[in-house]
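Enquirer: predicted model, plus sequence, below.
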Amino acid sequence: MNRDARGWRMALVPDALINPPAGAGAALPDVLRVLEASNYGVLQLPPPGGHSLLLAVIADQVAEYAHHGYAVVALGVHGEPGNGLHWRRLAPLLRNRGVVPPPRHLIRPDVDTSAQGQRLAAFLAGYDLPEAEQRRWRV
Amino acid sequence: MEQGVPRKVALVASCLLNQNAKVCEGANYPAVVSPVVQALRSRGYVLQQLPCPELAFAGVRRWWAVYEQYDTPAYRAHCRRLAQAIAPLIEQHLRRGDELILIGLDGSPSTGVRFTSSKPDWGGRPNRPEDDWEIVPRRGVWIEELEAELARRGLPPVPATGWALDMGRFDEAGARADLEQFLDSRETAAGSRGDDPVVP
């Protein structure tokens, strides 16, 4: 019997949402906790900066997941450079690997934290691959 | 990277934040390994996820394997590339005075810290009976290459332990107590020394 417990879903998450800068934590929902409660795994993106090789490594991993029945989303932060997602560089890296860039959800630090958490949870709950794709891979 | 007060940073194995990275039948949690995250966050650690070397090399549908099967020049070169990708971030943390620890995955052929899995005669058709590998006290291949890359950069060793997920029978309560003891011993040591890590 296969007792594997994997959830088959994960999110690309900016460093700023996993490790909020001092003082910013209160303005953001606890994204890691919401992901945990929603059974989403984490693919942590680096903080702003170069990180070209690391982004390529992350794109390799996303491609492997996306090609084998895993659902991947991206969470951004409104107001961060590139929403914290390095999107201008990450999206082409994904396309070069035959991956359609994943759906994005933006967190707004200037809006009610609790409501942001609920919106995020609803977004995560509502996303998955089509059932035919799930049946193909998730045995 | 944010400047200012030094932080406590935990470098964590990829699968501790994403169990989808595990080999088939190896995921004990749906996604995040909550006891590890709780233990770290409650002690003020920020998290830095390491890349998963096996996923990007052998794929998400890979067979199980032991240390000897991954101990190849091609896999080590792949691990070195990953180490070169993450090492600049680790170096930035060390140079700003952050206190770093590493939480790997004991029993893993790649990410084992205190223990890895070994069976020199594994190979060919994957028809071995369950649990016939051995647990031996040594690093996994990925951790060996990551530590070698940090040493090449002149960086000090990062104190490390492993979450005992791949040791055969998984005992969550035991693993949690073990991790908490490691973390609390770090607090005690830091408190008694009262000093900061030194980067040349």
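Expert: Yes, it's here.

Enquirer: ok, the residue lying closest to A:Pro109 once chain neighbours are set aside - contacts?
Expert: Nearest residue to A:Pro109 in three dimensions, chain neighbours excluded: A:Ala27, at 4.3 Å (C-beta to C-beta, 6 or more residues apart in numbering or on different chains). Just so you know, the C-beta spots here come from the backbone N, C-alpha and C atoms, and that holds for glycine as well. Contacts for A:Ala27 (C-beta atoms under 8 Å, 6 or more residues apart in numbering or on different chains) come out as A:109-110, A:113.

Enquirer: out of the residues you listed, which are buried?
Expert: Buried members of those, scored by 16 or more other C-beta atoms under 10 Å in any protein chain shown, are A:109, A:113.

Enquirer: can you tell me which of the contacts of A:Ala27 are in strands?
Expert: Assigned to strands by DSSP state E, none of those qualify.

Enquirer: so which of the contacts of A:Ala27 comes closest to chain B?
Expert: Nearest to chain B among the contacts of A:Ala27: A:Pro109, at 15.1 Å, using C-beta to the nearest C-beta.

Enquirer: torsion angles phi and psi at the closest one?
Expert: phi -60, psi -20 (degrees, to the nearest 10).

Enquirer: that one contacts A:Gly76, doesn't it?
Expert: No - here A:Pro109 lies out of contact with A:Gly76, judged by C-beta atoms under 8 Å, at a distance of 11.3 Å.

Enquirer: three-state assignment of residue 123?
Expert: In the absence of a named chain, chain A is used. A:Phe123 falls in the helix class when you classify it by DSSP: H, G, I helix; E, B strand; the rest coil.

Enquirer: near it, how many other residues are there?
Expert: Here the number of neighbours of A:Phe123 (other C-beta atoms under 10 Å in any protein chain shown) works out to 18.

Enquirer: got the contact list for it?
Expert: By C-beta under 8 Å, 6+ apart, the contact list for A:Phe123 reads A:73, A:105.

Enquirer: pLDDT at it, what is it?
Expert: Here the pLDDT value assigned to A:Phe123 is 98.

Enquirer: so how far is B:Ala177 from it?
Expert: For A:Phe123, the distance to B:Ala177 (C-beta to C-beta, to the nearest Å) stands at 36 Å.

Enquirer: nearest to A:Pro48, of the contacts of A:Ala27?
Expert: Using C-beta to C-beta, A:Pro109 comes nearest to A:Pro48 of those, at 15.7 Å.

Enquirer: contacting residues around the closest one?
Expert: A:24, A:27-28, A:77-79.

Enquirer: check the residues you listed for burial and list the buried ones.
Expert: A:28, A:77.

Enquirer: mind listing what's buried in the helix or strand bottoming out on mean pLDDT in chain B?
Expert: When the helices and strands of chain B are scored by mean pLDDT, DSSP states H and E, helix B:172-193 comes last with a mean of 87. By neighbour count on 16+ other C-beta under 10 Å, the buried set for helix B:172-193 is B:175-176, B:178-179, B:182-183, B:186.
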